[in-house]
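Trainee: Here's a sequence, model it:
(chains A, B, C and D)
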Number of protein chains: 4
Amino acid sequence: MKAYRIDSGAGIGALQQFERASAPLGADQVRIRVRAVSLNFRDLMIAKGTYLRDPVAPFVPASDAVGEIVEVGAASSLWKVGDRVATSFFPHWLQGAPTPYATRDAFGAVVDGVLAEEIVVSEQSVFAVPAHLDDAQAATLTCAGVTAWNAMFVEAKLQPGASVLLLGTGGVSIWGLQLAKAAGLQAIVTSSSDEKLVRAKALGADATVNYRTTPEWQDEVRALTGGRGVDAVLEVGGKGTLQRSIDAAAMGGTIAVIGGVSGFAGEFDPFALITGAKRLSGIYVGSRGMAEDLSRFVGVNRIVPVVDRVFGFDQARQAYDYLDGGAHFGKVVIQVAG
Amino acid sequence: MKAYRIDSGAGIGALQQFERASAPLGADQVRIRVRAVSLNFRDLMIAKGTYLRDPVAPFVPASDAVGEIVEVGAASSLWKVGDRVATSFFPHWLQGAPTPYATRDAFGAVVDGVLAEEIVVSEQSVFAVPAHLDDAQAATLTCAGVTAWNAMFVEAKLQPGASVLLLGTGGVSIWGLQLAKAAGLQAIVTSSSDEKLVRAKALGADATVNYRTTPEWQDEVRALTGGRGVDAVLEVGGKGTLQRSIDAAAMGGTIAVIGGVSGFAGEFDPFALITGAKRLSGIYVGSRGMAEDLSRFVGVNRIVPVVDRVFGFDQARQAYDYLDGGAHFGKVVIQVAG
Amino acid sequence: MKAYRIDSGAGIGALQQFERASAPLGADQVRIRVRAVSLNFRDLMIAKGTYLRDPVAPFVPASDAVGEIVEVGAASSLWKVGDRVATSFFPHWLQGAPTPYATRDAFGAVVDGVLAEEIVVSEQSVFAVPAHLDDAQAATLTCAGVTAWNAMFVEAKLQPGASVLLLGTGGVSIWGLQLAKAAGLQAIVTSSSDEKLVRAKALGADATVNYRTTPEWQDEVRALTGGRGVDAVLEVGGKGTLQRSIDAAAMGGTIAVIGGVSGFAGEFDPFALITGAKRLSGIYVGSRGMAEDLSRFVGVNRIVPVVDRVFGFDQARQAYDYLDGGAHFGKVVIQVAG
Amino acid sequence: MKAYRIDSGAGIGALQQFERASAPLGADQVRIRVRAVSLNFRDLMIAKGTYLRDPVAPFVPASDAVGEIVEVGAASSLWKVGDRVATSFFPHWLQGAPTPYATRDAFGAVVDGVLAEEIVVSEQSVFAVPAHLDDAQAATLTCAGVTAWNAMFVEAKLQPGASVLLLGTGGVSIWGLQLAKAAGLQAIVTSSSDEKLVRAKALGADATVNYRTTPEWQDEVRALTGGRGVDAVLEVGGKGTLQRSIDAAAMGGTIAVIGGVSGFAGEFDPFALITGAKRLSGIYVGSRGMAEDLSRFVGVNRIVPVVDRVFGFDQARQAYDYLDGGAHFGKVVIQVAG
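Mentor: Numbering: from 1, shown residues only, chains lettered A, B, ... in the order given. The predicted model follows:
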């Protein structure tokens, strides 16, 4: 069967397909025929060498796969052949708070990932996906969906009617917008493109701000919330956004530090953090339990995540390049099998 | 100005209108011209003598008023003349957990309530109501709306996608249904009337169960949630419902004990509570902070609470009788002024 | 190697030793030479047939073992030979909230338990125990210690300075007392024996109540807390205690329903639950994560759990009988190896 | 009666005593004869002009007073003449989360404070203090005690057995140490003075680190916690401490940003925050509810806060200068009356 491998820091061009033998199946494992793989900004960082700090042997990239279970291990009890599941980002983080043990492995970074026709993983490292989603859509829950869920509902504990600010229109932000609206939140979206803001409005955004034409966008966000500020910001990174995000937050609000798009300097005014009783919270994707909660929520509300573009299995480099271009709105996916 | 007074235990027939002098205005108080008053099951219990245990002098009944501020005290800073506000159930319970101090007074029980043309109350005992609601609708937030909010989002801490069971179609249950759907929950409603269940479906109920034709309704509720059971039950009371509610709840679930409709015996199997790690939580309406959170949620999502019927100010006894008849679906309101 | 087996419902007399072959070691398992086993009231219930509802083949009883790891599976990474560990009550409940999957197996009920010279278990089903404890003491964390921890610090979320009521002087109550004092809580203990109350005082109880000489003990508990009532009750069961426990609790307080000693009827006044905003919470032991948190707490504070009496491995029936007699103060332990 | 006034930014030397007329007593107010006033680093910042941003008329400084109630307003119900109480930092923040309304006024910043022989304040802005404390000790709960409580038990939600790092030996840190030990936590203290570290040990510190002789103190803190890092840091500020505090924290840990001693730049590595799932939480003192919880905890455990030195009412400038010198260990207090 075929798979891709990547050499951390060698660039997108070094991504290459290779032939890999089927792995033996452990007693508590399942074998999955992969159908779709979703890419994340982190996969770009790995290719470019800005994610992993130490040298490492080439590995199979990507964390987000949806596929069909084709074989179950002798001691497995959770799944049966034919079930459709997605991988959970950290195979050992099942429930509860993050720990070094739980997060020591993550698919597609050092440890082999999922950009392959077949994967063999622990039965506890996958979760069921909603039936109303096609494979490409379902593949986007693993990292971007869970990150937005963790930030808004686990860390910030947003209650219905609370307000959230989504920066830009990348995968996490658009997931955040869709989750926010289905949960009855007030959602505000920023972008430098009016056209993208129109699309955000169509997805339910209560308000939008063009940060190019409104450089002091944090003031506009405060005005849009009656002077209060938002209860949470999904801070996906970018030059000079952190202090503005803090200023855009309400007293007691949470700035979920997710990182990503353009790398950001962590500089801020501690006095504003103190007198606002605000918190900056690092969000490290999330657990399988969060993935299950997200999946249930998506299913109950028939949320359809936004897939910007789907590439073929042989077009993996093009998919990486397209994501790198930054023109996307929502998620970029590679279809592995029909 | 005119008001009603009630004699605890003397019955609905003893409810009578009287002429009351305007009260002087304290420095931190506001004077409100009442426009609508919503009734609750508790008001019936007071009339019938099943709520208050000790004898007490007649008082002005009812807790839920919406009205316009017509005068503000010298030290008041929260409101201006013309603001439309609703009363909070407990005038001293502002934020945080309930305490004896916070709940020592409640409008319309011993302490004078709001069934009057004018009331004078602390500026901190009222909250702003959403602009899209008419007065009758806005009057229903105070007790039934806040109770449902407290049960689902404060005590049970339901996350988006969680499931909730609403027993019957009284005021709290229908509020619960509407909040659940706007917050992205799975909502299941029971009733003995198929016609009411059709109306619940129209309000968004994901599933309904007729408890007359399905006496073992707890089994049906489990089946409707894939065998898991619901994450919360709004247990409004009734003969023999408590153990079924416990059985209908998922492991770790919350049965919010709200009481009310037909008085219920608190009998249950402790073993089921222990091995299910379930909790029975007494819900005592809620704080002004909860009312504000609810009001914001209703505003963001343009929720329109269901008012079953509106009576005139001179028809207060008829309104009580109608509520007592039990044919209502949603809330019963008295219009005090236009 | 030797083990005991029990026939559910056949009585303590049917408990018998037998010769058992060593089990093969799975890849993620560890082999443990058992040194001490602590008994719980639940083990008595199993012997007497009041715990399991369906007939089941005989199995090895007991859940609480401390021992030394003598062999680790090929894929195990958490432990090394020589580590001293204790079993976690539910081998699959690792972190987070309880689920049917997490609690489907429990050592010593249907599934084989730990009253044996050697056990083979998943590496994730054991936790490290504090070095300052001897084997008998360390064996008591698993069920009684974790139950008290879960009730007080997970479910009731008691903060330093809060008050807790411990009913009687059995294993969970004495663990509760010791944890309460090390955590800076106010602890009140009841018993029918003045001699036991003296011992509770010596362990740090802030106040004690003899429920035989003070039958309205809930009033005394309220008086001892300045009229407020306690923030949590560890309700271990008993005829007619539930309503008194509710009355002894403060507004917003938690009655942790643990069950046990004499079986109790779950009857209570719902009105008291509602107007007190109190909760009855079923406590089903706890997760391995809770066991680790408890173990750390015990280690930091050098808490020494109270072991009432230690029996030899050949005296298992006598140990059961002694526990059944109810004269104990703290835990009853069987020493399996030196 | 006599009081002090301060001119923001005019320096400690500009602090001066003056004669002030007794204020009239509002209906919900109490008159207090002040007995002791505790100083905070914030009072120094106000004097030096680094706290308030806008010019303001001179006002009475300081937030922390303990005194005796000598008169109660007509509508007051919480207190009686003779009660000993302390001021709560924010007179309007009673319960729950911080809001702009709750924190709009704080004693001794713009609004008049408590460095006076007599003050008149809302009956809800004071709380009862433990009987075992003398006036100087009791005066230290208001700001430093509540800040440490909020950071550790409200924001970081530390459970018994968790670990906390206290930076330095100022008022908040020593309060933090004392609370930590009474609550069963593991406490680690840093200082540049071995002599102060000996005193911290005597107060119960589990470990100490001299940050002068161990400049990479974060590594030592990790080593002291078995490589895990601490669950919370009380980050009171200082050049270059923030990133080290983040590195000293365990995965999922909280760095409570309290600010103060030497002003700090808010610079950090966002990647460390993300992959550690850590949070930086601004702590803005706390509510009256927190003060009451703290006071109860101090009472139950007979905690005696460390008062470094007590000055007379006429020695206010010397007290400020002494605090400014930084040689203190614990709190600096001004005795106003015997």
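
Trainee: Return the set of buried residues in the host helix or strand of A:A148.
Mentor: Per DSSP states H and E: A:A148 is located in helix A:146-149. Across helix A:146-149, burial judged by 16 or more other CB atoms under 10 Å in any protein chain shown covers A:146-149. C-beta here means a position set from N, CA and C on the backbone, and glycine is covered the same way.

Trainee: Who are the packing partners of it?
Mentor: helix A:171-182, helix A:288-300 (3 or more CB pairs under 8 Å, 6 or more residues apart in numbering or on different chains; DSSP states H and E).

Trainee: The helix or strand following that helix vs helix A:171-182, what angle?
Mentor: Using DSSP H and E, the next helix or strand after helix A:146-149 towards the C-terminus is strand A:163-167. On the basis of axes from the mean of the first three to the mean of the last three CA atoms, to 10 degrees, strand A:163-167 is oriented at 160 degrees to helix A:171-182.

Trainee: Wondering if strand A:163-167 reaches chain D at all.
Mentor: No. No part of strand A:163-167 sits near chain D under the criterion CB under 8 Å from any CB of the partner chain; the closest distance found is 13.8 Å.

Trainee: Between helix B:288-300 and that strand, find me the angle.
Mentor: Going by the same axes, to 10 degrees, strand A:163-167 makes 50 degrees with helix B:288-300.

Trainee: got the contact list for the residue in the stretch 51-200 of chain A that chain B sits nearest to?
Mentor: In the stretch 51-200 of chain A, the residue that lies nearest chain B is A:G161 (2.9 Å; CB to the nearest CB). A:G161 makes contacts with A:184-186, B:293-294, B:296-301, as judged by CB atoms under 8 Å, 6 or more residues apart in numbering or on different chains.

Trainee: who in the stretch 1-150 of chain A is up against chain C?
Mentor: A:26-28, A:75, A:78, A:94-97, A:101.

Trainee: For ChimeraX, what selects the buried ones among these?
Mentor: Selection of buried members from the residues of the stretch 1-150 of chain A next to chain C for ChimeraX, criterion 16+ other CB under 10 Å:
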select /A:26,28,78,94,95,96
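
Trainee: so A:G13 makes contact with A:Y320?
Mentor: No. With contact defined as CB atoms under 8 Å, A:G13 does not count as touching A:Y320 (9.2 Å).

Trainee: Between the two, which is the more surrounded one?
Mentor: A direct count of neighbours by other CB atoms under 10 Å in any protein chain shown for A:G13 and A:Y320 places A:Y320 higher, at 26 against 10.

Trainee: Surely that one is in a strand?
Mentor: No. Going by DSSP: H, G, I helix; E, B strand; the rest coil, the assignment for A:Y320 is helix, not a strand.

Trainee: Can you tell me how far it is from A:K48?
Mentor: Distance, A:Y320 to A:K48, using CB to CB, to the nearest Å: 10 Å.

Trainee: Number of residues surrounding A:G227?
Mentor: When neighbours are counted by other CB under 10 Å, A:G227 registers 9.

Trainee: Then A:A74?
Mentor: A:A74: 9 surrounding residues under other CB under 10 Å.

Trainee: do the same with A:A21
Mentor: 6.

Trainee: do the same with the one 10 residues further on
Mentor: Using other CB under 10 Å, A:R31 has 20 neighbouring residues.

Trainee: quick one: it and A:G67 touch, right?
Mentor: No. Between A:R31 and A:G67 there is no contact under CB under 8 Å: 9.5 Å.

Trainee: any residues in contact with both of the two?
Mentor: Listed contacts common to A:R31 and A:G67 are A:I119; contacts here mean CB under 8 Å, 6+ apart.

Trainee: Ramachandran coordinates for A:G170?
Mentor: phi -70, psi -170 (degrees, to the nearest 10).
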